[in-house]
Structure formats: C-alpha cells, structure tokens
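> sequence and predicted structure are below.
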Amino acid sequence: MMHVQTILYPTDFDEPAKAARSYALALARDYGARLLVLHAVETLGAENVTYGEATSQPQPDAYRERLWKELREWVSVDPQVKIDCMLSEEAAVDAIVNTAAEQHCDLIVIGTHGRRGLDRVLHGSTAEQVVRAAPCPVLVVKPIGHATHISHERS
C-alpha cells in the first residue's frame with residue numbers, strides 16, 4: 001500500500017482542474033493526507049488587475065487578494081481533509097515541480113485537456129511536462145466526456 005501524507009493539487013480553475021479536484025479531495029480523505037492546493041501565476045503585477053482595482057488599491061496587492069479568495073473558494077471545505085493553499089509566481093511547471101520537492105509531496109493530482117497533435121504542439125502540455133520532471137508519482141485526470149479516440153488500424 002502507498003504511504004501518502006501530502007498530495008499536491010495544482011489548479012488554474014478550468015474544467016480539467018475541476019475534474020482533478022474531485023480526485024485530489026477523495027484521495028486526501030481516503031489516505032488521511034494533507035491536500036496542498038497550488039495556483040501559479042507568473043506575475044502578480046499590474047497587467048493582471050481590473051480597471052476598478054487599479055484605481056482603488058495598490059495593484060499587485062488587489063490582484064493577489066483576489067487570487068487568494070478564488071483559491072480558497074475553489075476547494076470545498078471538508079472537515080476530514082487538511083487543506084493548505086499556496087500561490088506561486090513561478091511558471092506553472094516550475095512551480096508544481098519545485099513545490100512538490102520542497103513540500104515532500106507523495107503524489108500530484110493534475111488536470112489535463114487531453115490535447116493531441118497540432119493543438120498540443122501549439123498549446124503545450126503542462127501535465128506532460130510535470131509527469132516528466134516530478135519528484136513523485138503524478139495522477140493525470142481528464143474531464144469526463146473528453147476521451148480521445150485513437151485509431152489502431154493496420155496498413
């Protein structure tokens with residue numbers, strides 16, 4: 001049996017992350033593990049704030065506070081799961097891999113769009129890069145209904 005004490009769940013708040021959230025919460029509950037929820041944004045500078053925030057508050061602070069609020073609301077409260085939230089200013093892959101190493105994570109649960117072909121070449125695959133560089137096992141979750149058909153025809 002795996003010994004899982006800390007699970008890292010990186011999120012960008014999209015549909016694949018939502019699908020992975022269910023797995024991350026269930027695994028944390030089943031293993032009695034700490035769930036570390038991570039959101040990476042490369043810059044917390046002025047280009048990410050709304051006009052209202054720019055005129056009413058210091059820009060990076062307002063944006064940072066909005067991200068913290070979104071992050072806390074994104075993960076449902078479960079009294080059986082210890083949940084810690086983190087923001088990182090690193091690029092997503094670096095933030096995930098570095099956090100997993102620094103926090104001694106036993107598992108990463110990450111969502112993926114399941115892109116293939118040219119779409120994957122153009123948009124990249126954060127999940128694939130994390131799988132290659134992670135210091136621990138990675139569970140990659142696709143949203144239900146996003147199965148990719150692979151043809152196994154012989155010539």
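Arrived safely, thanks for sending. Numbers count the residues shown, from 1 in each chain.

> out of the helices and strands in the chain, which is least certain?
Every helix and strand in the chain was compared by mean pLDDT, DSSP states H and E; the lowest is helix 51-56, with a mean of 43.

> next SSE downstream of it?
helix 59-74 (DSSP states H and E).

> just the buried positions in that next one, please.
Using 16 or more other Cβ atoms under 10 Å as the test for burial, helix 59-74 gives 59, 62-64, 67, 71, 74. C-beta coordinates here come from the backbone N, C-alpha and C atoms, glycine included.

> tell me where the model's unsure across the chain.
Within the chain, the stretches with pLDDT under 70 are 1, 43-59, 114-124, 145-155.

> Ala134 and Asn98 touch, don't they?
No: checked against Cβ atoms under 8 Å, the pair Ala134 and Asn98 is beyond contact range at 10.5 Å.

> of the two, who's got more company?
Under the neighbour definition other Cβ atoms under 10 Å, Ala134 and Asn98 were set side by side, and Ala134 has more, 19 against 16.
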